[in-house]
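Trainee: Provide a 3D model corresponding to the input given below.
(one chain, ligands or ions: 1)
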Amino acid sequence: MARTKIALIGSGMIGGTLAHIAAQKELGDIVLFDIAEGIPQGKALDIAESAPIDGYGSRLKGTQDYKDIEGADVCIVTAGVPRKPGMSRDDLLGVNLKVMKAVGEGIGRYASNAFVICITNPLDAMVWALQKFSGLPHARVVGMAGILDSARFRYFLAEEFDVSVESVTAFVLGGHGDTMVPLVRYSTVAGVPLPDLVEMGWTTQERLDAIVERTRKGGGEIVALLKTGSAYYAPAASAIQMAESYLKDQKMVLPCAAHLTGQYGVEDMYVGVPIVIGENGVERVVEVKFTAEEKAMFDHSVAAVRELTDACVKLEPALK
Ligand code: APR
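Mentor: Residues are numbered from 1 along each chain as shown. Just a heads-up that it's a prediction; the model follows:
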């Protein structure tokens, strides 16, 4: 049986972390691709040299040649420029759109059977463009955002309640970042929804609102602290969970940027929604009913994503 192959397009901070986690979990052989010479080769070698100590059998290779991703089962895309302090995700649009074109064409040519996970920001617009440039089916091109946003939310809630992060579940929808929509009534501690916990006196509505706000700005908080670059440990862990659900047909229900064809009233856009990821890629979009307030937040978020995809079409009319 052929060995599973994971191609990491972009070998920067997230790409290197992805390679390390994928190797430690023995998800497959790993190809690190980057335009920066030496970086993917150096990271591949460094991680391979940790294998005798940690005891894993994944083979690693660094490359500048798209041919080396040939036949990949999973491609995780982080290629692009990350946010610098003071820079919004939207500022990144023009630069990273060009990168998506090159990457999409490379994947379309050499790895058209892969499950593709995009991480590059501004996420919802970049994954939309990447799918078009690659020509792969929508069910096999998804964006990583919701797992990260909900992991941040879960962590902050666990701290607030002084309970294990594993006992906290969170439900977030919408675009990545400032307009994300946390559904507090579907977010729980051991099944008890957050509004009930407010009533039970575990926290106050004000504190909960502050946690939601901190979650929305979670990426910026890390950027401000690091000063040179953006978050990479939690984003990498989030994308690995998606890859694993696909490769092992786990059918996990995960919040991801997925292509919508009428669900939630949205046509031909990638927006964060809960999906089932299994051997066929996106196997189901979970559609929940909104309250009027949630619908307004969701529509606001969708409008923000729409602005970005419209801006992409202006820059690259072929995307229409
Ligand atoms: N093809 C391949 N790799 C590219 C290309 C390209 N056309 N353009 C840039 N790269 C590479 C860079 O050389 C760099 O090594 O992408 C890598 C990006 O790595 P980092 O700058 O370290 O960024 P990282 O922190 O990994 O974040 C990657 O994820 O969260 C998002 O906003 C973030 O878009 C950014 C992406």
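Trainee: near the ligand at all, stretch 6-25?
Mentor: Yes - with CB under 6 Å from any ligand atom as the criterion, the ligand is reached by stretch 6-25 at 9-15. C-betas here are computed from N, CA, C, even on glycine.
Trainee: Name the member of those with the most neighbours.
Mentor: Ile9 (32 neighbours; other CB atoms under 10 Å).
Trainee: Okay, and the beta partners of that one?
Mentor: Beta bridges link Ile9 to Phe33, Val77, judged by DSSP bridges.
Trainee: Taking the residues of stretch 6-25 next to the ligand together, which two end up most distant?
Mentor: Spatial extent of these (CB to CB) is set by the pair Ile9 and Met13 at 14.2 Å.
Trainee: Contact partners for the closest residue in space to Ala48 that isn't next to it in sequence?
Mentor: Sequence neighbours aside, Leu60 is the residue nearest to Ala48 in space, at 4.6 Å (criterion: CB to CB, 6 or more residues apart in numbering). Applying CB atoms under 8 Å, 6 or more residues apart in numbering, we find Leu60 in contact with 19, 23, 29-32, 44-45, 47-48.
Trainee: run the last query once more with 10 Å
Mentor: 6, 8, 19-20, 22-23, 29-32, 40-41, 43-51 (CB atoms under 10 Å, 6 or more residues apart in numbering).
Trainee: how close does the closest residue in space to Thr17 that isn't next to it in sequence get to Met144?
Mentor: In space, not counting the residues next to it along the chain, Thr17 is nearest to Ala236; the distance is 3.8 Å by CB to CB, 6+ apart. According to CB to CB, to the nearest Å, Ala236 stands 9 Å off from Met144.
Trainee: Can you pull the residues that touch both of those two?
Mentor: 14, 76, 78, 119.
Trainee: Tell me who's in contact with the residue in the stretch 1-150 of the chain that the ligand sits nearest to.
Mentor: Residue nearest to the ligand within the stretch 1-150 of the chain: Gly12 (1.8 Å; CB to the nearest ligand atom). Listed by CB under 10 Å, 6+ apart, the contact set of Gly12 reads 34, 36, 39-40, 43, 78-82, 229-230, 232.
Trainee: which helix of this protein spans the most residues?
Mentor: Criterion DSSP state H: the longest helix present in the chain is helix 292-315.
Trainee: pretty sure the residue nearest to Thr17 belongs to a strand, no?
Mentor: No - read with DSSP: H, G, I helix; E, B strand; the rest coil, Ala236 is helix and lies in no strand.
Trainee: Check the contact between Val212 and Ser150; I expect there is one.
Mentor: No - contact between Val212 and Ser150 fails when scored by CB atoms under 10 Å: they sit 11.7 Å apart.
Trainee: what about the two, which has more around it?
Mentor: Ser150 (25 against 20).
Trainee: ok, and the closest non-adjacent residue to that one?
Mentor: Ser150's closest residue in space is Ala170 (CB to CB, 6+ apart), at 4.0 Å.
Trainee: again with Ala243
Mentor: Val74 (4.8 Å).
Trainee: The one you found against Tyr246, yeah?
Mentor: Yes - with contact defined as CB under 10 Å, Val74 and Tyr246 form a contacting pair (6.5 Å).
Trainee: Thank you kindly, that will do.
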